[in-house]
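Asks: I would like the atomic coordinates for the input below:
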Amino acid sequence: MFRVFRTFGLALGLLGGVVAAQAPEFAQQYAQRLGGAVDELRRQVAVLESDAQASGTTREGAVDRLRTNPDQLVARRGEAAQADIARLAQLSAQQQALTSATSPLGKVVAMLRDPDVPVAQAAYRDFSPAVPTSADGLAAGLIGFLTAWGGARVLSDLGLRLVRRRPRTTTRTA
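Replies: Numbers count the residues shown, from 1 in each chain. The predicted structure follows:
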């Protein structure tokens, strides 16, 4: 019976390793989505800056003019432009954190610290599991294997100790 638990623990460890090895691949796909979002926001802000310069004002001046315009549509565009500028700064900072991550699993940690939820959701919707061939993927797989296998071993050892401690009762027939 104990061999069954060991085999189950090994299988659980392998499953944990395969699942954990996907974290670096997800971080990679998240970084790609993040880069696309940053590129598009940069394009939008560059158009705003070009329009502002052509009108003889700064980017901030153009946003203020839009936001204080009595036309509600124009004022909303000003709010959207201000939100785009703020989001560009936030996403650019996260992109820099992902780029500068050098430790094993550094991109995964950088992504988990402050994820952009819409980008993460989009990456998750299109996520394709991959075979881990990078050092990060192999490290994550090993950590997942050891965690799942170790957890199964601890639980099976506790269960075995509980079974051994129960007093056996025998029934006698007369």
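
Asks: quick check: nearest residue in space to residue 136, chain neighbours excluded?
Replies: Leaving aside its sequence neighbours, residue 136 sits nearest to residue 24 (C-beta to C-beta, 6 or more residues apart in numbering; 3.9 Å). Just so you know, the C-beta spots here come from the backbone N, C-alpha and C atoms, and that holds for glycine as well.

Asks: so that neighbour: helix, strand or coil?
Replies: Under DSSP: H, G, I helix; E, B strand; the rest coil, the three-state class of residue 24 is helix.

Asks: domain-wise, how is the chain divided?
Replies: For the chain, the structural domains run 1-21+135-163, 29-131, going by automatic domain parsing.

Asks: show me where pLDDT drops low in the chain?
Replies: Across the chain, the ranges flagged by pLDDT under 70 are 1-2, 5, 104, 132-133, 160, 166-174.

Asks: quick one, what contacts residue 57?
Replies: By C-beta atoms under 8 Å, 6 or more residues apart in numbering, the contact list for residue 57 reads residue 65.

Asks: equivalent analysis for residue 32, please.
Replies: residue 123.

Asks: look up how far residue 18 lies from residue 32.
Replies: Separation of residue 32 from residue 18 (C-beta to C-beta, to the nearest Å) stands at 22 Å.

Asks: residues contacting residue 13?
Replies: Here residue 13 is in contact with 145, 146, 148, 149, 150, 152 (C-beta under 8 Å, 6+ apart).
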